[in-house]
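S.K.: Show me how the following folds:
(chains A and B)
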Amino acid sequence: MAQTTTLSMEGRREIDAAHCWEFQSVAYTSTSSEVISGNQSARTAPINANFHSIKSPWIINPNGAIQFKHRLSGKEQAAKIKLYVIVYDYTNNQYDTNYSYSSYTAANATQIVTGSFNIKRVGIYKIIFSFTGIPSSTRGILDEISLPGAYYSNPSNACLPQNLSTDTDGDGIMDKHDEYPNDPALAFNNYLNGHNYTTLMFEDLWPGKGDYDFNDLVLDYQVNCLSNAKGQITRAEISIVLRAIGASYKNGFAFQLDKIEPSKVLSVTGQKLSTGLFQLDGNGTESGQTFAVIPVFDDALKTIGFSGAGTGVNIERNGSSIAYDTSTIVVEFSLNNTGITLNDFTLASFNPFIVINQKRGRELHKLNYAPTNLMNQSLFGSEYDNSNISTGTYYKSKNNLPWVIETFSSSPYMLEKKDITSGYSKLIDWVLSSGGSYSDWYINSGASYRNSSALY
Amino acid sequence: MKPLFHFIILLCLVACIACQPEPPSAPTGTTQRPTSFDNISASNTFDWSTSREVILHFSGFNANFVDQKTVLILSDPNQNTLYKGAHPSGEEINLHIQVPTSLEFINMEYGITKRKLSIGDGTIVSSLLPSLPIVP
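M.R.: The predicted model follows:
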């Protein structure tokens, strides 16, 4: 039995559009005096000289009858209205008007007429039904469209013909969308920061009061979660650029994946560890943790390659200057059970922190981000810290100030001993408005926002 | 008489000056703008985040003959991809993504469906179906 492609018009027009039927000045009507069959028919806007048309999806090798039913809604200007049935040849980009059809008379305008044409072609075609005429209140009505030939559009590929949808690795994702077209285990990159780098700026005297230049450790990071066709994250690539160290402390850096258990991690590569600060399990995650903690480096000064005197790197215009260090951490995940999805691994659940001066229990996280199992919780509430574990309030001062500032895009940081508000003029306004104003305080490089003389 | 006259004039001048309304002064109790980070007193509910989580819910539709997954792409106005994943059209899709707090719109693409979505309060409810123009 020959394959056919049909449009019944018994559902939502949007669903038919999603299946690659196109509607130009045509909607569905359920007005009983207009409906040709069933509960709905296609109905044009009042006809004028423009085309009011339905275009079929691509069909292949049509061989048989193009069938449809049609009528007009009234008699006004009926003799001037025509219904064209046009065959469009995809391969040769040609409209075949040999099948042009049908004029009306006032006498037969509202009668239901069955149209039928035989067609025999090899190739990819689209059939267009189009009413046109001179302006009037009369509308064209169509129903029960049946086309010979198999459906050949690909809704997943902008409704183009299916032969344009190459899937080299056979994972179900067309090469056009597959960022790893030759690897069935991978399909997509998902940059959680939207292709940007995010900047983290730390004050490492926590829980003591800092000097608020927020340059004791400055780094950028970018998180790319690589997922397969099923939406499972098979690998995460975290790029960390160590930019500046405005401290003499030997600080380590790590991140916790707040929703992911260590057992879901198969392996970690790219870590720069030498001091013994972090004790690792065989898969590269830190031992003794409920959620996966992945150490990146354990001594920032060693990582950036600074061994000289002084207290900082890349924080003064005439001070020590060293090229940024980039670490690329690759985390492979297990696909057991349902694996990990992008709802498990979000940027909100990416919890970066430093370990201050080789004291493992002295972690510093972003405001209100929970510490890991190895945190010395007696530090909370000491000195200037006003954390409240019972309410999930962490790393906040009595004035509700943080010890870590994060900007969602890579941003300049402060020169040594320069208060951050002297470099970012609108930071105070942003805070005083509780984020309601000047949310671009770190993005806008205009003179009213940024004082370059205070920034590295 | 002349000294008395001068005294009366002086008294009137004093009275006039005394009755002038006082120039406006700074209201008492207002907070001065902080001059350094240390002087800032932030709201207890302010989270200092330059990004926020957006929750997206897309309702699917019954695709009666198309079983191939279609790629859903979310991007920012600069065409930076925020999410990419393959989903069948009949699937309800629930996603959480992180965007800058300054971002107001997200673009979505799913097959022929293309839509500009307002982030609003951080929850977006939409459909995988295309939007079609209203026909008069």
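S.K.: Give me the secondary structure label for A:K126.
M.R.: Of the three states, A:K126 takes strand under DSSP: H, G, I helix; E, B strand; the rest coil.
S.K.: May I have the beta-bridge partners of the closest residue to it other than its chain neighbours?
M.R.: Excluding its sequence neighbours, the residue lying closest to A:K126 (CB to CB, 6 or more residues apart in numbering or on different chains) is A:Y88, at 4.4 Å. Yep, even glycine has a C-beta here, placed from its N, CA and C like the rest. Beta-bridge pairing of A:Y88 under DSSP bridges involves A:Y95, A:K126.
S.K.: ok, A:Y88 - contacts?
M.R.: A:55, A:94-96, A:125-128 (CB atoms under 8 Å, 6 or more residues apart in numbering or on different chains).
S.K.: Now render those residues as TSV, adding pLDDT.
M.R.: Listed next are those as TSV, based on pLDDT from 0 to 100:
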residue	pLDDT
A:K55	97
A:Q94	89
A:Y95	89
A:D96	83
A:Y125	96
A:K126	96
A:I127	96
A:I128	96
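S.K.: In TSV, list those along with neighbour count.
M.R.: Formatted as TSV, the contacts of A:Y88 follow (neighbours: other CB atoms under 10 Å in any protein chain shown):
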residue	neighbour count
A:K55	19
A:Q94	10
A:Y95	12
A:D96	15
A:Y125	24
A:K126	22
A:I127	25
A:I128	18
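S.K.: Can you pull out the low-pLDDT segments for chain A?
M.R.: A:1-2, A:98, A:100, A:309-310 (pLDDT under 70).
S.K.: Tell me which stretches of it form helices.
M.R.: Secondary structure of chain A, counting by DSSP state H: helices at A:13-18, A:300-304, A:420-423, A:427-432.
S.K.: Nearest approach to B:L132 belongs to which of those helices?
M.R.: helix A:13-18 (5.8 Å; CB to CB).
S.K.: what's the nearest residue to residue 115 if we skip its chain neighbours?
M.R.: No chain specified, so I'll use chain A. A:G115 sits nearest to A:F68 (CB to CB, 6+ apart), 4.9 Å away.
S.K.: meant chain B, my bad for not saying
M.R.: B:M108 (5.0 Å).
S.K.: Against which helices or strands is the strand or helix carrying the one you found packed?
M.R.: Using DSSP states H and E, B:M108 maps to strand B:105-110. Counting contacts by 3 or more CB pairs under 8 Å, 6 or more residues apart in numbering or on different chains; DSSP states H and E, strand B:105-110 is packed against strand B:51-59, strand B:70-75, strand B:113-118.
S.K.: counting contacts, what elements does the longest one pack onto?
M.R.: In terms of contact count using 3+ CB pairs under 8 Å, 6+ apart, strand B:51-59 is assigned the packing partners strand B:93-100, strand B:105-110, strand B:123-127.
S.K.: now do 10 Å
M.R.: In terms of contacts (3 or more CB pairs under 10 Å, 6 or more residues apart in numbering or on different chains; DSSP states H and E), strand B:51-59 is packed against strand B:70-75, strand B:81-87, strand B:93-100, strand B:105-110, strand B:113-118, strand B:123-127.
S.K.: if I look at the residue nearest to A:K126, how far off is A:E179?
M.R.: According to CB to CB, to the nearest Å, A:Y88 and A:E179 sit 33 Å apart.
S.K.: can you check A:I15 too?
M.R.: 30 Å.
S.K.: Please tabulate the helices and strands packed on strand B:105-110 in CSV, including the columns mean pLDDT and distance to A:N357.
M.R.: Output for these, formatted as CSV (pLDDT from 0 to 100; distance: least, CB to CB, whole Å):
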stretch, mean pLDDT, distance to A:N357
strand B:51-59, 94, 29
strand B:70-75, 93, 41
strand B:113-118, 96, 46
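S.K.: Please identify the most buried of the ones you listed.
M.R.: strand B:70-75 (a mean of 22; mean count of other CB atoms under 10 Å in any protein chain shown).
S.K.: what's it packed up against?
M.R.: Using 3+ CB pairs under 10 Å, 6+ apart: strand B:70-75 touches strand A:188-191, strand B:51-59, strand B:81-87, strand B:93-100, strand B:105-110, strand B:113-118.
S.K.: Strand B:113-118 and that one, what's the angle between them?
M.R.: For strand B:70-75 against strand B:113-118, the angle by axes from the mean of the first three to the mean of the last three CA atoms, to 10 degrees is 30 degrees.
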